[in-house]
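Enquirer: structure, please.
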Amino acid sequence: MQTLAQTLSAQAVNISLTQLLLTLADTSKAISVAVRHGALAGVLGATDQENVQGETQKKLDVITNDMLKDTLKADGNVRGLASEEEDYVVEVNAKGEYLVCFDPLDGSSNIDINSLVGTIFSVLPAPAGELNEQSFLQAGRKQVAAGYVLYGPSTMMALTTGKGTQFYTLDPNSQEFLLTDNNVQITPDTAEFAINMSNQRFWEAPIQTYIADLLLGTIGPREQSFNMRWIAAMVGDVHRVLCRGGIFAYPTDNKNPEKPFKLRLMYEANPMALLVEQAGGKASTGYETILDIQPTAIHQRVAVILGSANEVDTCLSYHGIDYSEEPSID
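Expert: Residues are numbered from 1 along each chain as shown. Sure, this is the predicted structure:
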């Protein structure tokens with residue numbers, strides 16, 4: 001099996017980006033160890049702090065964020081970074097070529113119940129000039145790499161550099177990420193959906209009707225049965241979609257009118273959308289293609305509907321939009 005470094009070399013990924021991705025991979029190995037130790041290392045539970053989102057930070061949120069910050073600061077290829085756990089962007093190396101956005105531990109509410117969590121990351125080209133928040137506000141199609149590391153029964157990485165989506169599995173003996181799927185493909189049709197049903201009464205009418213039709217199964221307009229799955233961690237739900245198809249949705253809702261969206265564009269929706277598109281799927285807000293959104297803030301939130309291409313198209317048809325054409329690639 002090829003290692004991560006060997007695969008990136010075969011893809012002709014340039015040296016600086018390769019070094020950065022290997023830095024992220026190495027850090028994820030250390031995070032995997034911290035997650036596995038759990039209560040034995042005293043890293044479970046919450047802190048008395050909130051992040052910029054107003055969410056109470058788990059101890060591992062803070063620990064993993066610091067781990068990534070420290071290793072990325074030591075990587076000369078990084079110009080700046082942005083994290084879910086940081087109020088502002090962080091300047092790193094003046095000569096760095098790349099910007100890194102990340103969610104250090106997605107699904108951290110799962111930590112204390114020993115369920116799936118992961119690290120999500122996005123790599124953007126660093127523009128010339130002074131580094132500020134505006135430097136990061138690039139559409140998702142500008143990403144030069146995106147991926148996540150899932151800390152589950154095995155530690156796995158999903159990665160794209162714009163040459164398809166690959167899966168790597170961490171070999172516990174060699175401590176190398178080994179290529180285990182060179183061409184991840186999402187089935188275009190599916191009978192599985194992932195959504196937080198507890199928010200049903202707060203959704204917009206199109207998504208309410210779409211989900212209601214799925215639940216009607218063989219006696220409804222879809223004339224087939226659908227199964228619902230929900231891990232409560234985007235990284236886990238999207239991984240399932242990449243493995244066996246499906247549709248994942250965290251749509252607009254009015255539960256809190258001041259926060260109609262849940263997921264962050266820059267370090268959750270964009271990297272996942274690129275992985276999904278590179279695997280033959282689609283990703284939308286319900287009204288526009290995620291990768292085409294021009295960001296307005298580093299912690300901007302958006303609605304997310306992604307997964308099997310034909311099922312995403314069907315969902316979008318409930319919104320009165322035809323996205324059946326293939327997404328444009330710059």
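Enquirer: what about the closest residue in space to Thr18 that isn't next to it in sequence, neighbour count?
Expert: Nearest residue to Thr18, sequence neighbours excluded (C-beta to C-beta, 6 or more residues apart in numbering): Leu8, at 4.7 Å. (Each C-beta comes from the backbone N, C-alpha and C, glycine too.) Using other C-beta atoms under 10 Å, Leu8 is surrounded by 24 other residues.
Enquirer: tell me the contacts of Leu8?
Expert: 17-18, 21-22, 161 (C-beta atoms under 8 Å, 6 or more residues apart in numbering).
Enquirer: for the stretch 51-200 of the chain, what spans make up the strands?
Expert: 56-58, 78-83, 90-91, 98-106, 117-125, 145-151, 155-160, 165-170, 177-181, 192-194 (DSSP state E, counting those that start in this stretch).
Enquirer: buried residues, the longest helix anywhere in the chain. List them.
Expert: In the chain, with assignment by DSSP state H, the single longest helix is helix 15-37. Residues of helix 15-37 classed as buried: 17-25, 27-28, 31-32, 34-35 (neighbour count, 16 or more other C-beta atoms under 10 Å).
Enquirer: stretch 279-288 too?
Expert: Quick answer for stretch 279-288 (16+ other C-beta under 10 Å): 279-286.
Enquirer: kindly check the end-to-end length of it for me.
Expert: End-to-end distance of stretch 279-288: 19 Å, with C-alpha to C-alpha, to the nearest Å as the criterion.
Enquirer: contact partners of it?
Expert: Residues contacting stretch 279-288 (C-beta under 8 Å, 6+ apart): 164-165, 184-186, 188, 204, 206-207, 241-242, 251-252, 269, 272-273, 276-277, 289-291, 293, 302-309, 312-313, 315-316, 319, 321, 323, 327.
Enquirer: buried only: go through the residues you listed for me.
Expert: 164-165, 184, 186, 188, 204, 206-207, 241-242, 251-252, 269, 272-273, 276-277, 289-291, 293, 302-309, 312-313, 315-316, 319, 323, 327.
Enquirer: quick one: which of the residues you listed sit in helices?
Expert: Mapping the buried ones among the contacts of stretch 279-288 onto helices (DSSP H) picks out 206-207, 241-242, 272-273, 276-277, 309, 312-313, 315-316.
Enquirer: go through the residues you listed and name the one nearest Pro257.
Expert: Ile207 (16.7 Å; C-beta to C-beta).
Enquirer: quick check: the closest one touching Pro251?
Expert: Yes - using C-beta atoms under 8 Å, Ile207 makes contact with Pro251 at a distance of 4.4 Å.
Enquirer: residues contacting Arg79?
Expert: Here Arg79 is in contact with 91-99, 126, 131, 135 (C-beta under 8 Å, 6+ apart).
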